[in-house]
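Undergrad: Please work out how this folds:
(6 chains)
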Number of protein chains: 4
Amino acid sequence: MSDREDHLVGEFPLIPKQERAQLKRDLLLKSGHELFILKGYEHTTAKEIAAHAGVATGTFYRYFSDKRQLLMSLLEDQIEMLMPPEPKWGVSDPESTLTALLEAYDKRIKEMGMQRVLPELLAKDKEFVEVLAAAKRKIFTRILLGLTMAYEKGLTWKDLDLNTVTWSLMTLAEHAPEKMKLCGNVTDYREVAKVICRFVFPPEVIKKLQLDKSEAEE
Amino acid sequence: MSDREDHLVGEFPLIPKQERAQLKRDLLLKSGHELFILKGYEHTTAKEIAAHAGVATGTFYRYFSDKRQLLMSLLEDQIEMLMPPEPKWGVSDPESTLTALLEAYDKRIKEMGMQRVLPELLAKDKEFVEVLAAAKRKIFTRILLGLTMAYEKGLTWKDLDLNTVTWSLMTLAEHAPEKMKLCGNVTDYREVAKVICRFVFPPEVIKKLQLDKSEAEE
Amino acid sequence: MSDREDHLVGEFPLIPKQERAQLKRDLLLKSGHELFILKGYEHTTAKEIAAHAGVATGTFYRYFSDKRQLLMSLLEDQIEMLMPPEPKWGVSDPESTLTALLEAYDKRIKEMGMQRVLPELLAKDKEFVEVLAAAKRKIFTRILLGLTMAYEKGLTWKDLDLNTVTWSLMTLAEHAPEKMKLCGNVTDYREVAKVICRFVFPPEVIKKLQLDKSEAEE
Amino acid sequence: MSDREDHLVGEFPLIPKQERAQLKRDLLLKSGHELFILKGYEHTTAKEIAAHAGVATGTFYRYFSDKRQLLMSLLEDQIEMLMPPEPKWGVSDPESTLTALLEAYDKRIKEMGMQRVLPELLAKDKEFVEVLAAAKRKIFTRILLGLTMAYEKGLTWKDLDLNTVTWSLMTLAEHAPEKMKLCGNVTDYREVAKVICRFVFPPEVIKKLQLDKSEAEE
DNA sequence: CATGAATGAGGATTCATTCAT
DNA sequence: GATGAATGAATCCTCATTCAT
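TA: Numbering: from 1, shown residues only, chains lettered A, B, ... in the order given. As a prediction, this is how the structure comes out:
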């Protein structure tokens, strides 16, 4: 439809062209997202994504060069969210902080559900694997930095390798949502947070931090 | 073929029929295994598996009804091995015990490589998910039992939920091999074992157990 | 495409979408029809039908779920035509009437050629058999009704079972075209009509009906 | 197993070699026959035929060059039986004679069931079609000869074409078993025989022949 | 001769992607 | 830009036939 036509019809061009296109693109991303989660990447067809977004098959290919690119775009938007957030140490009660962080992380994961699609791709798409690894490394670095600072303040265990601590923290955070499949249906983030705190801080530090916090609250 | 002929030819090349069939089946399993790891489950075709095993496409279907069944057969063989082994607590230095267990587990994982294929299936194959979950639950129960006994002996933290501890232990064991992607190329199992010990035993218990062990060795 | 463009290009080559689709569907039906006759149903592949219709294999599956459905569509169109037409009795010279009917029936059969495909299916497709049987029963009832009326007017043999007469009539009509394979290359419908008349009407009735007709024509 | 071995075992070679082979061949023919009827020619596999006959797949090909040849052999054995038998005219009550013949024919047909397989082949196997046509022509000639003799004795209609009469007779005989699908579940051969008699003999001849017979019986 | 495992061409069907309208 | 019909390569799977034992 040309601009001229728009004017002839007499309607104010409510939505700028670009914006409408963006809208359609987003719709496709959303559809791809939902269907990938529902049926897996391989088992979702471009036609389905388009239909679910309410556009024609061909339109899909105007916005994405192929199915893989849609996935990659999804990831670019969301990969940051897939990463465990960076906790702030030594600020207040670390167990509560971690609990909140884990909950927030889990919520985002559920919103995206992308982790169900990822494994399918890990097996074959080298580029994808690298993108993911890079993102993870980024978070890793941030968390490690935080821990190092805590270490320098004498807050953490002296005799644990911080790399390993960081990795363990991330791993438990990442997989916490799966926990309920094994241990009943409630994922109690506080308990996971407590576990994590045991290998981050020695008992006396935890006590001290909790005391600090209580005092601060008074 | 008469008996006489048999003797002339000798019995060397005569592999019993059943054995040869088993051999071929194993060959196909091996090919499937390798290709699943190399290219992912979805991206491996029955034809490829057959070709890789040096047999015709049709032969594949003599031994397996389809690709999925081959995978299931692979799993039946290997699912136990995929599970983290059960550690013995309170027997000797727990860090060393755990380290050894983690190493053994990793070795098995690497031998199989199946864990690269598994996640892909978790996303869509309900039956598979259930099989795997059942196996995990089995291990979970065993580990939990061990921890409960340790708890009763006063060895573990009093204020941690044992379910969560068990799950954390399993999760770190299961994912330890991936650690190297993040923290350089060496997965130091001793460090992971130390981390695990921090959330299983309070510091004084660890010290005591290590002392016991040293004394025993003297 | 704007209206202006439409006018420049002219409307001649614009076949409405639906119509073109119908056209293609018809083309496929026609191809299926021809190939089924030429090579038999089992020996015709979907790919061949598509190629013969000048479209790609996939296009076949846009219009038909499979080969069987194409056949069923063919039959829905043609099954009525496959049935022997219903003769009118006691109106004029029955031999001439029958002759004309047989000729017309044969012509339709030849146009369709479907009867060469049908027997192949009778052997295995239960649903198909039922569809066909229902259609036949419909015709059977109509013919039987006509004969019963003729019977009540005293036109037919008193001592023949009308069911059997009806069935014989239908059978000869249906198979008349095959006659030439046995008795030379000309199927003389008048002779078949005469044979049929012998078991429908007693000789004196035939004479009377022919007389009536001659008088009417004078 | 060699003959020598047979002797060693001490059993009298009960069945001569050739005979045993013939037995196996017959078994295969029988299996093919049954399965073709049950599932159709195309849908019966060589493996199934062999299994049903209790022999190995390969054995099938020792006795028959291929599936088609087994069918041809079946036909050679049975094609004569598929043909309507030749009635004897003017000997006794023709209706009774025909009834008996039709019954006998139907029984044989049912024993063989081959007519359910034939149509599938008519569509594609030229040689098969010719074999069948030749057999039909043979029967046709025999029946025609009988009718011609009856004609010369003044027994038949003067004004009917004997070719057509012969063909009609064969057609009704051949399809009589299908009659029940249309007209209830009983195929009354006597009624079909009566219909046939009407177009073979004029009423006065029938009466006369029946009289002759009654007298002969007295 | 018998066996039945092995073969691989061939048929049915799907789906990522293109392109005429 | 939008459409969705068309494409055809690629997959799954079957089965007639061969051949080593």
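
Undergrad: contacting residues around residue A:159?
TA: Applying C-beta atoms under 8 Å, 6 or more residues apart in numbering or on different chains to residue A:159 gives the contacts residue B:194. Heads up, the C-betas are built off the backbone N, CA and C, glycines and all.

Undergrad: Report all helices and strands that the longest helix along chain A contacts.
TA: Taking DSSP state H as the assignment, the helix of chain A that covers the most residues is helix A:126-152. Counting by 3 or more C-beta pairs under 8 Å, 6 or more residues apart in numbering or on different chains; DSSP states H and E, the packing neighbours recorded for helix A:126-152 are helix A:67-82, helix A:118-122, helix A:162-175, helix B:179-182.

Undergrad: Please work out which of those is packed deepest.
TA: Each of the helices and strands packed on helix A:126-152 was scored by mean neighbour count; the highest is helix A:162-175, a mean of 22, by mean count of other C-beta atoms under 10 Å in any protein chain shown.

Undergrad: helix or strand right after the worst-scoring helix or strand of chain A on mean pLDDT?
TA: The least trusted helix or strand in chain A, going by mean pLDDT, DSSP states H and E, turns out to be helix A:3-9, with a mean of 45. Note on helix A:3-9: by DSSP states H and E, the next helix or strand toward the C-terminus is helix A:17-39.

Undergrad: and that following helix, average pLDDT?
TA: Across helix A:17-39, the average pLDDT comes to 86.

Undergrad: tell me which residues of that helix are tucked away?
TA: The neighbour-count check on helix A:17-39 (16 or more other C-beta atoms under 10 Å in any protein chain shown) flags A:24-25, A:27-29, A:31-33, A:35-38 as buried.

Undergrad: Next one, pLDDT for residue A:46 please.
TA: Looking at residue A:46, the pLDDT reads 96.

Undergrad: Ok, the one 3 residues further on next?
TA: Per-residue confidence (pLDDT) for residue A:49: 96.

Undergrad: now it: how far from residue C:184?
TA: 65 Å (C-beta to C-beta, to the nearest Å).

Undergrad: One more: residue A:136?
TA: 87 Å.

Undergrad: Please say which of those two ends up with more neighbours.
TA: residue A:136 (20 against 10; other C-beta atoms under 10 Å in any protein chain shown).

Undergrad: So what's the residue count around the residue of chain A found nearest chain D?
TA: Closest to chain D within chain A is residue A:43: 31.5 Å, counting by C-beta to the nearest C-beta. When counting by other C-beta under 10 Å, one arrives at 14 neighbours for residue A:43.

Undergrad: and it, backbone torsions?
TA: Dihedral angles of residue A:43 (phi, psi; degrees, to the nearest 10) stand at phi -90, psi 10.

Undergrad: May I have the predicted confidence score for it?
TA: What the model reports as pLDDT for residue A:43 is 87.

Undergrad: Could you report the neighbour count for the closest residue to residue A:210 other than its chain neighbours?
TA: Distances taken as C-beta to C-beta, 6 or more residues apart in numbering or on different chains place residue A:93 nearest to residue A:210, at 5.0 Å, with adjacent residues excluded. Number of residues near residue A:93 (other C-beta under 10 Å) recorded here: 19.

Undergrad: so residue A:93 makes contact with residue A:208?
TA: No - using C-beta atoms under 8 Å, residue A:93 is not in contact with residue A:208; the gap is 10.6 Å.

Undergrad: For the longest helix of chain A, buried residues please.
TA: A:128, A:132, A:135-136, A:139-140, A:142-144, A:146-147, A:150-151.

Undergrad: Mind giving me the packing neighbours of the helix or strand hosting residue A:198?
TA: Residue A:198 is part of helix A:189-200 when elements are defined by DSSP H and E. Helix A:189-200 sits against helix A:94-112, helix A:162-175, helix B:162-175, helix B:189-200, with contacts defined as 3+ C-beta pairs under 8 Å, 6+ apart.

Undergrad: Could you export those as JSON lines, including mean pLDDT and distance to residue C:155?
TA: Formatted as JSON lines, the helices and strands packed on helix A:189-200 follow (pLDDT from 0 to 100; distance: least, C-beta to C-beta, whole Å):
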{"stretch": "helix A:94-112", "mean pLDDT": "80", "distance to residue C:155": "84"}
{"stretch": "helix A:162-175", "mean pLDDT": "93", "distance to residue C:155": "91"}
{"stretch": "helix B:162-175", "mean pLDDT": "93", "distance to residue C:155": "92"}
{"stretch": "helix B:189-200", "mean pLDDT": "95", "distance to residue C:155": "103"}
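
Undergrad: Select, out of those helices, the one closest to residue D:101.
TA: For these, proximity to residue D:101 was assessed by C-beta to C-beta; helix A:94-112 is nearest, at 81.2 Å.

Undergrad: Output stretch A:179-199 in CSV, but only the C-alpha positions, please.
TA: C-alpha atoms of stretch A:179-199 as CSV (Å, rounded to 0.1, in the frame of the first residue of the first chain):
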residue,chain,number,x,y,z
LYS,A,179,15.1,-28.7,41.1
MET,A,180,11.4,-29.3,41.6
LYS,A,181,11.4,-32.2,39.2
LEU,A,182,13.5,-34.0,41.8
CYS,A,183,12.6,-32.6,45.2
GLY,A,184,8.9,-32.1,45.1
ASN,A,185,7.1,-29.4,43.4
VAL,A,186,8.3,-26.3,45.3
THR,A,187,11.6,-24.8,44.4
ASP,A,188,12.6,-23.1,47.6
TYR,A,189,15.0,-20.4,46.6
ARG,A,190,15.9,-19.6,50.1
GLU,A,191,17.3,-23.0,50.6
VAL,A,192,19.3,-22.9,47.5
ALA,A,193,20.5,-19.4,48.6
LYS,A,194,21.6,-20.9,51.9
VAL,A,195,23.5,-23.7,50.2
ILE,A,196,25.3,-21.2,48.0
CYS,A,197,26.2,-19.0,51.0
ARG,A,198,27.9,-21.9,52.7
PHE,A,199,30.4,-22.2,49.9
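
Undergrad: outside of it, which residues touch it?
TA: Contact partners of stretch A:179-199, identified using C-beta under 8 Å, 6+ apart, comprise A:94-99, A:102-103, A:106, A:157, A:160, A:165, A:168-169, A:172-173, A:176-177, A:206, B:133, B:136-137, B:140, B:157, B:159-161, B:163-168, B:170-171, B:195-196, B:198-199.
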